[in-house]
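Colleague: Give me a 3D structure for the following:
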Amino acid sequence: MAESHKKVLFKYYSTYLEEVVSETMWAEIIDLEKGYFKLDNIPFFGPLIATDDIFRAEFDENEKVFLHKETIEHSGNSIIQVLILEKEFDKEIIIEKLKSINCISESLNDTFLAVEIIKDVDYSIVKSLLNEYEKLSVIEFAEPCLSDKHRTDLLKN
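Modeller: The predicted structure is shown next:
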């Protein structure tokens, strides 16, 4: 992985944590000289970037790592965050339901997960699933990085 990928540092304000956070993620090298990369991780805390987005990063001498500067091209993928509110609820139930509609997720801990919605998935289906659980007070969810394509999915229905 190290040959074709680099770890890149992202710094941004997290509305979830209500503070500036640093998150290190793997990115595929597109053009190292120009500092172009493609995100190969699901972000946890919600920078305005999604998996497969192309971005520019510069090597930071203080941090000794590549630092995200700007997103250049959006993939059409989206990232949402899910917070499990109900103590006894098994988060694997939601993870499996999301997987069945082609959405993969990564868990930060027992109560927080980040979900990748790829461009081809109809977001209205995902949102109706999440809304059901939210109405039952099982979860809360946020949409820190919703692509234009997925915003359009919501308008169609």
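Colleague: What helices and strands are in contact with the lengthiest strand in the chain?
Modeller: Assignment by DSSP state E gives strand 19-31 as the longest strand of the chain. Where contact means 3 or more CB pairs under 8 Å, 6 or more residues apart in numbering; DSSP states H and E, strand 19-31 is packed against strand 5-14, strand 36-39, strand 54-60. Where you see a C-beta, it was placed from the backbone N, CA and C, and this is true even at glycine.
Colleague: Show me the one of those that comes nearest residue 138.
Modeller: Among the helices and strands packed on strand 19-31, strand 5-14 comes nearest to residue 138, with 22.8 Å by CB to CB.
Colleague: mind listing what's buried in that closest one?
Modeller: By neighbour count with 16 or more other CB atoms under 10 Å, strand 5-14 contains the buried residues 5-6, 8-10, 12, 14.
Colleague: same thing with stretch 25-39?
Modeller: For stretch 25-39, by 16+ other CB under 10 Å, it's 25, 27, 35-39.
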